[in-house]
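Trainee: sharing a model that was predicted from the sequence below.
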Amino acid sequence: MLTNLRIFAMSHQIIPSVHINNLCCYKIRASLKRLKPYVLLGRNYSSLPGLIGNDIKSLHSVISPPIAKIRNIGIMAHIDAGKTTTTERILYYSGYTRSLGDVDDGDTVTDFMAQERERGITIQSAAVTFDWKGYRVNLIDTPGHVDFTLEVERCLRVLDGAVAVFDASAGVEAQTLTVWRQADKHKIPRICFLNKMDKTGASFKYAVESIREKLKAKPLLLQLPIGEAKTFKGLVDVVTKEKLLWNSNSNDGKDFERKPLLEVSDPELLKETTEARNALIEQVADLDDEFADLVLGEFSENFDLLPAEKLQNAIHRVTLAQTAVPVLCGSALKNKGVQPLLDAVTRYLPSPEERNYEFLQWYKGDLCALAFKVLHDKQRGPLVFMRIYSGTIKPQLAIHNINGNCTERVSRLLLPFADQHIEISSLTAGNIALTVGLKHTATGDTLVSSKSSALAAARRAEREGEKKHRQNSEAERLLLAGVEIPEPVFFCTIEPPSVAKQPGMNGLEFFSGFSLLLAHTQTLKCGIIISEVPNIQFVYRHLDKPLGDLTANLVTVESGEARPIETSSLSESINEDAFEGLPRGIENGIHSAFILVPSTNYEISACVSRCVQKAMKKADKQVLEPLMNLEVTVARDYLSPVLGDLAQRRGNIQEIQTRQDNKVIIGFVPLAEIMGYSTALRTLTSGSATFALELSTYQAMNPQDQNTLLNRRSGLT
Ligand SMILES: Nc1nc2c(ncn2[C@@H]2O[C@H](COP(=O)(O)OP(=O)(O)OP(=O)(O)O)[C@@H](O)[C@H]2O)c(=O)[nH]1
C-alpha cells in the first residue's frame, strides 16, 4: 500500500506526496469557543517609524542586555490550559501592550494568525520579546495540540527554561505529559503555574498531587491560594510569608497589595503558611547540600529567621538541577497571580550562561546559532528565527550554514514581537533573533561565522573527543542536534483542486525547511486550501517472522490466457527486513524491465502485480496495525454511550478514573477506527468531552480484520 502510494506520487510528478508526521489529538472545543469572524487587529502595533507601535514600549533602550539578565522562556501546557491568556497578561503587565487581549474575542498578540484567531487555538509559535524589572525575556508561545508536537519540540530545544501552565481543575492532562517528557529530553528547568484557580472545580491540592503522581516531579509549593473557585481572591507567598490581594475594583489586575501575614489579622493563614514554609525549607535542604548546611547550622532552631533571599537562591539551584519544580498559582483570566509568576521566571529560571552547553567551548566566542523556525513572508522572503548561543550577529554578515554547507548573507536583523518586528543593528549570545535574507537555511541548521570557524571548532571538538574517548562523529559533535521528527502514521497525497491552483503547490517543496502543519481545517500554511485530505493511508507493518518461500511467475497473456514465460523463486526464508524491501525491489524490477525491454507491453505490470499478490497470499504473513493510546475525559452522564461507541471501534479499555465530576477513560484503539472521532464524540456528548491520542505500538491484526483489510486493498470489497 505504502509502495503503491509512493509509486503513484513518483509517476505523477506534479503531485507531491506529503508525509504527515503528526499524531492526532483532537479536542472538542469548537462548540465551547465563540468562533468570531476574522477581524483585523484591534490595536495598532506598527504606526511609528522603525516598525514599533504606539502600544509597545521602546525596546531600543537595551538592545543587547547582559547575558545574566536574559531569560529564554517557553510556556507549555495542555490545550486550553490558558497559555495564550497568560501570555497576554504578561505582555500587558510588562508594559508592552496597553490593553488586554482576549482569546475568546480573537484579539491576542501571540495568536496572530487568522486561523488561530478564528479557531481560538495556538497553532504557530510566536516569539515575543519584552522586559520585566530589568530582565530581558524572550518568550516563545508553544502550541498545546499534539498535532503540533513538532512545533513544540522545535521551540523547546532553544529554551533555557519553561513555565508549565495547568488548568487547576484538571491537573496534569494528556498533552502536559507529552510536553513534560519533551522538556525532560532537552533538560529544561521548569516552574509550574496552576492557572484557572477561579474556575468551578479548581483544586490546588488535586493539581499538586497530579504533578507529583503523573509527572513524578517534586513540587515546591512557593504559594498557597486564598480561596478556590468562586472564592479565589489572592495568594500567599510562602517564601516571604506575605499575602497578595488583588484590588476588586481594578479590572486589569495591575493593582495588588503585598502585606506581611500577621498573627492579629490572619492567625489561621499565618499558621498554615508557617507550616508550608517549614516543609518547603526541609524539602529544599534535602535536595541542596549548601542550603542544608546553612539551615542545619545557623537557623536550625528557628526557620523563621532564615532570610527569604537564601531560600530563593537555594530554590533557584534546585530548579536548575531539575530535582524539583516550583509551583505557583493564579487565574490569568481574572488577572491574578501573573506578576508573581513573572518574578518567579526571572528569579528561578536560568539565564543562558547558567545552562551547560558543552559545544560552546569549541566556538571560543565565534558565532554559533541554531535556526529553530523558518517562516515565509511574502514581502521579505524567508524569516529565520535563531537562537544565538555564542558570538554576535549583525545585518550584512555572511554566515556559514554547517548542515547546508553554504554561506549566505543576513540582510536585516530583527527583534521579534509577535507579528511585528523591530529592526536592530546587532544581537549577542543568549538572544533570539529574527533574520531576513537567509534563503537556504532550514529548521535545525547550525549557523556559524565562517567555514574556517566551523573547522576550527571541529578540531577543538575532536581534541576534546579524544580526551574523553568519545566515539561521536565530527558532525555529531559540531552540529546542534536537529529536530527529531516522529515516525509517520499517515501518508497522503495532496492534489490541487484545479490546474489554476497548481503553482501554489510548488510551495510544498519548502516543507523540508519550513513548518509542515496539517490542521483540521486542511488548510496548509503555505496558503494552499484543499477541500479535503484525500487518500489518507495508515502505515501498516508486517510481523517479523519467516514468511516462507516466494515464487514469482512471469507470464504473457494471450487471448485471455496466461502462459508462463519465466519463474523465479526466493527459496530462503524472508524476514521483515527483506520483506520491506521486496515491494520496492519488484517495483524497481518492473521499471528496469520497461527500460531494458522496450517492446514489453503494459500487461507485464499487471501480471507482476498479480504474481506478487498470489505469492504473498501463499506466504504466512501478519499485518501489524498502528494502535493508539486513547484518553477520553467525559462527564459521568455520557460515560455509557462513549464506552459503547469505543467497543464498536475495537477499543480496549484499560481503566476508568474519576476526575472531579468527570470520568477519564484510558485505553487503546486502532488508528484506523478512530478517524472522525472528534465529530462522533461531540455528537455523543453534546460537545462536553475531550480526548487525546498518541501512538502506542503496532499490534497484530486478527485474521478476520486482516482479511477485510487485504480484500479492501486488493479491491475485492
Ligand atoms: N476560568 C478561567 N478561564 C481561563 C483562564 N485562563 C484562560 N481561560 C479560558 O480558557 C480558554 C483557553 O484559554 P487560552 O489562553 O486560549 O488557552 P491556551 O492554552 O493558549 O490554548 P491553545 O492555544 O489552544 O493551546 C479560554 O476560553 C480562556 O478564556 C483562567 O484563569 N480562568
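Mentor: Happy to help now that I have it.
Trainee: break the protein into its domains for me.
Mentor: 67-263+324-348, 359-466, 624-714 (the TED database).
Trainee: tell me which of these is the most buried.
Mentor: Comparing these by mean neighbour count (mean count of other Cβ atoms under 10 Å), domain 67-263+324-348 comes out on top with a mean of 21. For the C-beta atoms, the positions are set from N, CA and C on the backbone; glycine is no exception.
Trainee: give the contact list for the residue lying closest to residue 288 once chain neighbours are set aside.
Mentor: Distances taken as Cβ to Cβ, 6 or more residues apart in numbering put residue 314 closest to residue 288, at 4.9 Å, once the chain neighbours are dropped. Residues near residue 314 by Cβ atoms under 8 Å, 6 or more residues apart in numbering: 284-285, 288, 290-291, 294.
Trainee: tell me how far residue 335 lies from the ligand.
Mentor: 9 Å (Cβ to the nearest ligand atom, to the nearest Å).
Trainee: nearest spatial neighbour of that residue, skipping sequence neighbours?
Mentor: Spatial nearest neighbour of residue 335, chain neighbours left out: residue 253 (2.4 Å); criterion: Cβ to Cβ, 6+ apart.
Trainee: could you confirm the one you found falls within a strand?
Mentor: No: per DSSP: H, G, I helix; E, B strand; the rest coil, residue 253 lies outside any strand segment and is coil.
Trainee: for it, give its distance to residue 332.
Mentor: As judged by Cβ to Cβ, to the nearest Å, residue 253 and residue 332 stand 9 Å apart.
Trainee: list the helices and strands the helix or strand containing residue 92 packs on?
Mentor: Residue 92 is part of helix 83-93 when elements are defined by DSSP states H and E. Counting contacts by 3 or more Cβ pairs under 8 Å, 6 or more residues apart in numbering; DSSP states H and E, helix 83-93 is packed against strand 70-77, strand 126-132, strand 135-141, strand 161-167, strand 190-195, helix 338-348.
Trainee: kindly state the pLDDT recorded for the residue lying closest to residue 352 once chain neighbours are set aside?
Mentor: Distances taken as Cβ to Cβ, 6+ apart place residue 430 nearest to residue 352, at 3.6 Å, with adjacent residues excluded. For residue 430, the pLDDT comes out at 90.
Trainee: now for residue 430: which residues touch it?
Mentor: By Cβ under 8 Å, 6+ apart, the neighbours of residue 430 are 67, 70, 72, 351-353, 388.
Trainee: A helix includes it, no?
Mentor: No: remark: residue 430 does not belong to a helix; assigned using three-state DSSP, it is coil.
Trainee: and it, how far from residue 201?
Mentor: With distances taken as Cβ to Cβ, residue 430 is found 41 Å from residue 201.
Trainee: now swap in residue 181 and tell me
Mentor: To residue 201, residue 181 is 26 Å away according to Cβ to Cβ.
Trainee: quick one, what contacts the residue of the stretch 201-350 of the chain found nearest the ligand?
Mentor: Residue nearest to the ligand within the stretch 201-350 of the chain (Cβ to the nearest ligand atom): residue 333, separated by 3.3 Å. For residue 333, the contact set (Cβ under 8 Å, 6+ apart) comprises 82, 85, 196, 198.
Trainee: ok, now residue 413?
Mentor: Taking Cβ under 8 Å, 6+ apart, we find residue 413 in contact with 393-395, 423-427, 433-436.
Trainee: rerun that using 7 Å as the cut-off
Mentor: 393-395, 424, 427, 433, 435 (Cβ atoms under 7 Å, 6 or more residues apart in numbering).
Trainee: now, those that are in helices?
Mentor: Per DSSP state H, helices hold no members of these.
Trainee: pLDDT and distance to residue 134 for those residues - can I get that in TSV?
Mentor: Putting these into TSV (pLDDT from 0 to 100; distance: Cβ to Cβ, whole Å) gives the following:
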residue	pLDDT	distance to residue 134
393	92	24
394	91	25
395	91	27
424	84	19
427	88	19
433	86	21
435	91	27
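Trainee: including distance to residue 323, could these go into JSON lines?
Mentor: JSON lines is the format used below for the contacts of residue 413 (distance: Cβ to Cβ, whole Å):
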{"residue": "393", "distance to residue 323": "35"}
{"residue": "394", "distance to residue 323": "40"}
{"residue": "395", "distance to residue 323": "43"}
{"residue": "424", "distance to residue 323": "38"}
{"residue": "427", "distance to residue 323": "33"}
{"residue": "433", "distance to residue 323": "33"}
{"residue": "435", "distance to residue 323": "37"}
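Trainee: wait, what's in contact with residue 395?
Mentor: So residue 395 contacts 410-413, 425 (Cβ under 7 Å, 6+ apart).
Trainee: pick out the most distant pair among those.
Mentor: The span of the contacts of residue 395, defined through Cβ to Cβ, is set by 411 and 425 at 13.1 Å.
Trainee: nearest residue to residue 351 other than its sequence neighbours?
Mentor: Using Cβ to Cβ, 6+ apart and skipping residues adjacent in sequence, the residue nearest residue 351 is residue 68, 4.9 Å away.
Trainee: is that neighbour in a helix, a strand, or coil?
Mentor: Here residue 68 is recorded as helix under three-state DSSP.
Trainee: and for stretch 636-649, what are the contacting residues?
Mentor: By Cβ under 7 Å, 6+ apart, the list of residues contacting stretch 636-649 from outside reads 632, 634, 653, 661, 663, 665, 669, 673-674, 680-681, 684-685, 688-689.
Trainee: next one: residue 352 from residue 66, what distance?
Mentor: For residue 352, the distance to residue 66 - Cβ to Cβ - is 11 Å.
Trainee: can you pull the contacts of residue 231?
Mentor: Residue 231 neighbours (Cβ under 7 Å, 6+ apart): none.
Trainee: tell me the pLDDT at it?
Mentor: Residue 231 is given a pLDDT of 92.
Trainee: follow-up on the earlier one: ok, residue 352 and residue 66, which is more surrounded?
Mentor: Between residue 352 and residue 66, residue 352 has the larger neighbour count (other Cβ atoms under 10 Å), namely 23 against 14.
Trainee: show the model's pLDDT score for residue 151.
Mentor: Predicted confidence (pLDDT) for residue 151: 57.
Trainee: same question, residue 576
Mentor: Looking at residue 576, its pLDDT reads 48.
Trainee: how about residue 44?
Mentor: 28.
Trainee: same check on residue 658?
Mentor: Per-residue confidence (pLDDT) for residue 658: 83.
Trainee: the residue nearest to residue 351 contacts residue 353, correct?
Mentor: Yes: between residue 68 and residue 353 there is a contact under Cβ atoms under 7 Å: 6.3 Å.
Trainee: now residue 213: closest residue in space, sequence neighbours ignored.
Mentor: Among residues not flanking residue 213 along the chain, residue 172 sits closest, at 8.0 Å (Cβ to Cβ, 6+ apart).
Trainee: OK, contacts around the one you found?
Mentor: Per Cβ under 7 Å, 6+ apart, neighbours of residue 172: 166, 210-211, 214-215.
Trainee: which ones among the residues you listed lie within strands?
Mentor: The members of those that map onto strands under DSSP state E are residue 166.
Trainee: near the ligand, list only the ones from the contacts of residue 172.
Mentor: Counting by Cβ under 6 Å from any ligand atom, nothing from these sits close to the ligand.
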